[in-house]
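Participant: Have a look at this prediction, sequence included:
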Amino acid sequence: MAEKEEYEEIQRDRCIVCQGTVEEKDYFQCDCGAVFHEDCAKKMADCPQCGTGISIEEIDKEHEFLEIIREAKSAESQGQLKRALKLYDRAISLEPERFMLWYSKGNILNKLNDYEGAIKSYNKALQIKPEMASTLYNKAVSLNNMAKVGDSLQCLNDVIRLDHNYWRAWYYKGRLFSGQRKYLVSIRCFDNALDIHPEDYNTWYNRGLSLLSLDRKAEAIESFEATLELFPTFIKAMVKKADTMLSMGDDDKALAMYEKIIKKKPNHGVAWYGKARCLSKAERFGEAIRAVDETLRINPRYAKALLLKSEVLFHLNMVDEAKKSLAKAKKINPNYVGSQVRSRSILRQLDDGKLPPPTPSNGKTPRSCNICRSHIQGVSIECVCGKHYHMNCITGISTCPVCSHPF
């Protein structure tokens with residue numbers, strides 16, 4: 001999988017006496033597993049759960065132990081992961097049967113990309129508490145990061161067996177099945193996750209990707225729209241929605257979405273490329289050239305954009321420039337460009353080299369558009385300063401770029 005999943009943090013126990021969370025103040029844990037705030041424990045002679053006597057010495061020893069845990073958590077929160085790991089190891093040497101120590105150590109090792117070590121820690125934690133779904137879930141993520149997809153899926157099945165409403169497990173199963181191109185199964189998993197937790201935008205987004213892979217474009221758009229309702233500035237979902245609308249022929253809405261993305265993120269090359277495609281389909285070639293040039297400013301090695309530029313330049317009768325753009329694309333990605341040349345007629349003609357340069361029908365030197373520099377053909381306008389422009393090239397421009405005279 002391309003992304004790493006967040007590891008699940010489990011809910012802390014509560015004080016058996018006052019029911020406050022153990023993070024609120026110092027706490028003591030009895031051998032039976034019951035947890036007390038330190039102040040609550042000092043008021044009792046025996047554990048109310050198992051009847052074992054509680055001594056002040058035990059509380060003081062526990063207090064010293066908890067100081068190590070606090071240091072470990074502080075180090076982890078500050079990104080000092082190796083120091084936190086050493087502190088957890090120290091704590092484990094004192095209390096090797098504490099579930100949370102092995103669980104926390106596993107999470108640290110995951111953050112350090114030591115997945116094998118993390119799995120060993122989770123296995124130790126599971127020996128102490130076998131029915132902890134969160135531990136199994138984190139283990140599944142680590143297994144997948146080691147490319148052990150089958151083992152990861154089995155772990156996720158164990159999570160769901162323990163807790164059928166563990167939505168993260170359904171979501172992650174969907175991701176794994178999608179990675180195996182089992183899109184129908186992945187969609188069912190995403191649907192199960194959404195039945196439990198419909199507010200997760202990532203689940204909606206990944207569901208949309210699976211639907212798109214099955215060419216169920218209208219449903220995919222609905223999923224991307226649900227994603228954006230929950231996370232309106234999620235650029236990836238905006239791009240996928242725009243790309244899908246463009247592929248369905250809804251060019252105006254796609255163009256509006258690309259422009260919305262560019263407004264939020266001006267250097268988004270893919271959005272500029274999408275905008276250029278929309279403008280090219282609308283035969284607004286002057287604007288398309290500006291959009292594709294912006295794409296190539298952001299990413300000069302974007303082969304798809306260079307091919308689109310070749311086609312737009314061809315439409316503007318700038319054949320030599322079109323050939324140069326095609327040649328650049330070939331150097332960057334020869335295999336991809338070769339396949340596109342075979343399937344796109346304009347590129348094939350440019351590649352054959354059989355196109356003569358455009359010549360004016362009257363034998364005179366042709367006029368050129370002052371913006372796109374191509375020969376004037378069709379509807380055009382001449383400014384009072386003598387400069388000529390294609391009408392498409394001055395869409396959205398109210399004054400001459402040379403003399404500022406209003407059009």
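Facilitator: Structure received.

Participant: only C-alpha atoms for contact and neighbour calcs from this point on.
Facilitator: Noted.

Participant: doesn't S104 make contact with A125?
Facilitator: No: applying CA atoms under 8 Å, one finds A125 not in contact with S104, separated by 9.3 Å.

Participant: could you pull out the strands for the stretch 301-407 of the chain?
Facilitator: For the stretch 301-407 of the chain, the strands defined by DSSP state E, counting those that start in this stretch cover 380-382, 388-390.

Participant: Quick check: which of those strands is nearest to S186?
Facilitator: Nearest to S186, of all the strands of the stretch 301-407 of the chain, is strand 388-390, at 50.2 Å by CA to CA.

Participant: That closest one: how far from the chain's middle?
Facilitator: The chain centre lies 43 Å from the centre of strand 388-390; the measure is CA atoms, centre = their mean, to the nearest Å.

Participant: and it, average pLDDT?
Facilitator: Across strand 388-390, pLDDT averages out at 75.

Participant: ok, now stretch 272-285?
Facilitator: 94.

Participant: what's the answer for stretch 210-230, then?
Facilitator: 98.

Participant: In that stretch, which residues have enough neighbours to count as buried?
Facilitator: 210-213, 217, 220-221, 223-228 (16 or more other CA atoms under 10 Å).

Participant: Out of the residues you listed, name the ones that lie in helices.
Facilitator: 210-213, 217, 220-221, 223-228 (DSSP state H).

Participant: and those as JSON lines, adding distance to G274?
Facilitator: Formatted as JSON lines, these follow (distance: CA to CA, whole Å):
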{"residue": "S210", "distance to G274": "21"}
{"residue": "L211", "distance to G274": "21"}
{"residue": "L212", "distance to G274": "17"}
{"residue": "S213", "distance to G274": "19"}
{"residue": "K217", "distance to G274": "17"}
{"residue": "A220", "distance to G274": "18"}
{"residue": "I221", "distance to G274": "16"}
{"residue": "S223", "distance to G274": "20"}
{"residue": "F224", "distance to G274": "17"}
{"residue": "E225", "distance to G274": "18"}
{"residue": "A226", "distance to G274": "22"}
{"residue": "T227", "distance to G274": "20"}
{"residue": "L228", "distance to G274": "19"}
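
Participant: Greatest separation within those residues: which pair is it?
Facilitator: The widest separation within these (CA to CA) is 19.6 Å, between S213 and L228.

Participant: Out of the buried residues of stretch 210-230, which is nearest to V239?
Facilitator: F224 (9.5 Å).

Participant: so how far is L136 from the closest one?
Facilitator: 30 Å (CA to CA, to the nearest Å).

Participant: Just to check, Q49 is in contact with A34?
Facilitator: Yes: under the criterion of CA under 8 Å, Q49 makes contact with A34 at 6.8 Å.

Participant: And the helices in the stretch 151-300 of the chain?
Facilitator: Taking DSSP state H, counting those that start in this stretch, the helices of the stretch 151-300 of the chain run over residues 167-179, 183-196, 201-213, 217-230, 235-247, 251-264, 269-281, 285-298.

Participant: re earlier: who wins for proximity to D39 among the strands of the stretch 301-407 of the chain?
Facilitator: Of all the strands of the stretch 301-407 of the chain, strand 388-390 comes closest under CA to CA, at 82.7 Å.

Participant: Quickly note the distance from D200 to P232.
Facilitator: 13 Å.

Participant: what about the two, which has more around it?
Facilitator: Taking other CA atoms under 10 Å, D200 and P232 do not tie; D200 has more neighbours (18 against 13).

Participant: Phi, psi for that one please.
Facilitator: When read as degrees, to the nearest 10, the backbone of D200 gives phi -90, psi 110.

Participant: any weak-confidence spans in the stretch 251-400 of the chain?
Facilitator: 354-367, 373-379, 384-386 (pLDDT under 70).

Participant: confidence score at the residue most central in space within the chain?
Facilitator: Nearest to the mean C-alpha position of the chain, counting by CA atoms, centre = their mean, stands K236 at 6.5 Å. We have a pLDDT of 97 for K236.
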